[in-house]
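J.: Got a predicted structure plus its sequence, pasted below:
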Amino acid sequence: MKILKEPTIQDLEERYVAYVSYQGNYIGNPALFAELFGKLFGWGFQNQVMGPDTVMIAAYYDDPEVTPPDELTLDVCMSIPEGVKGEGEIKTKNLPGGKYAVIGLELDGPEEYPASWEKIVEWVASHGLEIDISRASYEVYLNNPEEHPKKHHIVDICMAVR
């Protein structure tokens, strides 16, 4: 894991997204993420809503240290133009913005995601901030690992704080 941007507090804007929801144990299951993003990509291409400014996001609603694995909730999302409507499994909504602790990382692979979340949680605690569990926290994907020469994941981890 390599830090690309040191942690900072940022006010993130609300984003209009298409998403697929999942409830259950997603931890350590990159195949599940590939399946969910595959559904979203298929819909996005079919509806011609993807472009150079499209942002891919995973939104997390639970603390895996507290919530039983089978009750964890996740949305895989893509930013889309306002007014576009989803269909079937693909829904649309505004992801909330607000105050977030954000760290930019380059991960060697999906196995490093848990440690990246631990890093931002430690930073939040060391700076006397509180995690805001009323809002989702995010992984904002800044590259396609399949296109990276070493298959690295470049990501912003965004923890909701107050």
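T.: Structure's in. What do you need?
J.: is it true that residue 86 lies in a strand?
T.: No: going by DSSP: H, G, I helix; E, B strand; the rest coil, the assignment for residue 86 is coil, not a strand.
J.: Now it: phi and psi?
T.: Per-residue torsions, residue 86: phi -80, psi 180 (degrees, to the nearest 10).
J.: Please report how far it lies from residue 26.
T.: Distance from residue 86 to residue 26, counting by Cβ to Cβ, to the nearest Å: 21 Å. From N, CA and C alone the C-beta is placed, and that goes for glycine too.
J.: Quick one: distance of stretch 77-91 to the chain centre.
T.: Stretch 77-91 sits 16 Å away from the centroid of its parent chain (Cα atoms, centre = their mean, to the nearest Å).
J.: send the alpha carbons of it over as PDB?
T.: Once non-C-alpha atoms are left out, stretch 77-91 reads as follows in PDB (Å, rounded to 0.1, in the frame of the first residue of the first chain):
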ATOM      1  CA  CYS A  77     -22.400   3.100  -7.900                       C
ATOM      2  CA  MET A  78     -21.500   5.100 -11.000                       C
ATOM      3  CA  SER A  79     -22.100   8.800 -11.300                       C
ATOM      4  CA  ILE A  80     -24.600   9.600 -14.100                       C
ATOM      5  CA  PRO A  81     -26.300  12.700 -15.500                       C
ATOM      6  CA  GLU A  82     -29.200  14.100 -13.400                       C
ATOM      7  CA  GLY A  83     -32.600  12.900 -14.500                       C
ATOM      8  CA  VAL A  84     -31.400   9.500 -15.800                       C
ATOM      9  CA  LYS A  85     -33.700   6.800 -14.400                       C
ATOM     10  CA  GLY A  86     -32.700   3.200 -13.500                       C
ATOM     11  CA  GLU A  87     -34.500   0.000 -14.400                       C
ATOM     12  CA  GLY A  88     -34.700  -3.400 -12.800                       C
ATOM     13  CA  GLU A  89     -31.900  -4.000 -10.300                       C
ATOM     14  CA  ILE A  90     -30.400  -0.600 -11.300                       C
ATOM     15  CA  LYS A  91     -31.700   2.200  -9.100                       C
END
